[in-house]
Every structure is written in C-alpha cells, then in structure tokens.
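J.: What follows is a predicted structure for the sequence shown.
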Amino acid sequence: MGYDAFAHHALGSAALMLISALHLRPNQTVAELVGTSSVSRATTYRTLQRLADHGLVQHTGETWTLAPRALEGFGVRLPDTDNGHTPAQGWDKVAEQHGTRGVAARRKALHTADRAAYQQALGRLAEHRSRAVVIVRDGRQVLVPVPRPDEIPPAWHAPDGSVLDPVTGRPAADWRVATDGRLILITPADQRSYDELAVAHAEALSEWESVA
C-alpha cells in the first residue's frame with residue numbers, strides 16, 4: 001500500500017489483494033479468487049479487468065495469472081486487448097496515469113501536521129493546569145492537586161449553605177456554596193471577573209492560613 005498506484009482512485013486496495021492471491025497461488029478462477037483474496041465477486045471482476053488493461057494479469061480460459069513482472073508494476077501487451085491502454089511501466093507510471101502520484105506523501109504530510117497541531121493543543125492545555133503538590137506518605141509519593149480559585153476549603157462551609165468569612169468567621173452575605181459543595185456562587189451585583197475572583201481567593205486563603 002506504499003505505492004500510490006493502489007490509492008482509492010487508481011487500482012485500489014482490491015487490486016493489491018488479488019495480486020497477492022495470484023502471487024501465492026497462480027492460475028485461479030474468479031470463484032477461487034473470491035475465496036483466496038477475500039474480495040467480493042463483483043469487485044473481483046472489475047479489478048481483474050482494470051489489471052488486465054495495464055497488462056498486469058492475463059487469463060487462459062477461466063483461470064487468471066500474473067504477468068511475468070507484475071510484482072514490479074510492469075505489464076505485457078495482451079494479444080486480445082484493444083482498449084487503448086498501454087502496458088504498465090512501473091507503479092509510479094500507473095499512479096501517474098490515474099492522477100494519484102504523490103497521494104501517500106501528501107497524506108503523510110497532512111498526518112504529520114495534524115499530530116503537531118494536536119501536540120500543540122495538548123501543550124496549551126497543560127499550561128492552564130495547576131501544578132500538583134507532591135507529598136510523601138508511607139514512603140510513597142502522592143500527588144495532591146492545587147485547589148482551583150472556584151473551590152473552597154471545607155472549613156469555610158456553613159451548615160446553612162453560606163460561606164464563612166475566613167477572618168471574622170461569620171457568613172459572607174454575597175457568597176453561597178453550590179450544591180456540589182465546591183463552587184462559590186455570587187450575587188448578580190458582583191461584577192468581578194474570574195481573574196479578580198482568583199486574586200480574591202488567594203488573598204482570602206492567605207489570611208485564613210495566617211489566622212490559623
């Protein structure tokens with residue numbers, strides 16, 4: 001399949017299957033090729049005709065066989081063939097006749113570009129992830145993710161769902177704990193951006209730790 005001659009709009013993958021089957025066992029009928037190549041009967045007929053147009057296969061009665069240099073992509077002119085096709089002169093020439101030369105190289109370049117873009121996307125995502133804290137417990141290293149700005153310590157939770165001020169220890173009027181117990185909900189009057197909330201979270205956490 002490394003040859004562009006076996007691309008979709010050229011000989012196709014079925015041609016490669018039939019060539020392989022005839023190489024392993026010459027002189028097969030269409031019925032036999034259907035079994036040895038795992039190609040459907042209709043596709044086998046069409047593909048054999050396509051290969052015959054290039055002189056890559058020939059038949060005697062009902063049996064088919066490869067041309068002497070078919071594995072190299074070189075065909076022979078068949079005496080009963082008068083369809084305007086010239087014998088194949090190598091796989092590159094076959095691909096050129098069908099307009100598929102260079103398809104594999106372009107596909108490889110596209111896949112390489114896709115992989116590079118994917119790795120860049122992963123890198124950008126990694127830049128936004130918080131670094132984990134590594135602690136040693138029972139001789140093992142344990143990764144503890146750093147709290148996000150929209151997470152609050154359990155000590156800030158009040159029984160009624162409000163958020164305790166870390167300095168005064170009293171409920172903060174404009175803050176609430178979400179039903180998942182992690183996110184802080186704010187009133188519509190608070191117009192601070194996420195970055196401003198992150199700074200406020202860091203300052204409050206620092207004050208809480210200093211008081212503790």
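T.: Thanks, I have the structure now. Residues are numbered from 1 along each chain as shown.
J.: So, low pLDDT: which residues of the chain?
T.: Of all residues in the chain, those with pLDDT under 70 make up the ranges 1, 78-85, 124-135, 137, 141-151, 179-194, 211-212.
J.: In it, which helix is the longest?
T.: For the chain, the longest helix by residue count, based on DSSP state H, is helix 103-127.
J.: Residue 39 touches residue 14, doesn't it?
T.: Yes. The criterion here is C-beta atoms under 8 Å, and residue 39 meets it with residue 14 at 4.9 Å. Just so you know, the C-beta spots here come from the backbone N, C-alpha and C atoms, and that holds for glycine as well.
J.: picking that back up, for the longest helix of the chain, buried residues please.
T.: 103, 104 (16 or more other C-beta atoms under 10 Å).
J.: what about residue 59, which SS state?
T.: Following DSSP: H, G, I helix; E, B strand; the rest coil, the label given to residue 59 is strand.
J.: what's across from it in the sheet?
T.: Using DSSP bridges, the beta-bridge partners of residue 59 come out as residue 64.
J.: Quickly note the distance from it to residue 87.
T.: To residue 87, residue 59 is 16 Å away according to C-beta to C-beta, to the nearest Å.
J.: who's in contact with the residue of the chain most remote from its centre?
T.: With distances taken as C-alpha atoms, centre = their mean, the residue sitting farthest from the centre of the chain turns out to be residue 168, at 53.3 Å. Residues counted as contacts of residue 168 (C-beta atoms under 8 Å, 6 or more residues apart in numbering): none.
J.: Next: residue 164.
T.: 155, 156, 157, 158, 170, 171, 172.
J.: Separate out the buried members of these.
T.: Among these, those classed as buried by neighbour count (16+ other C-beta under 10 Å) are 156, 172.
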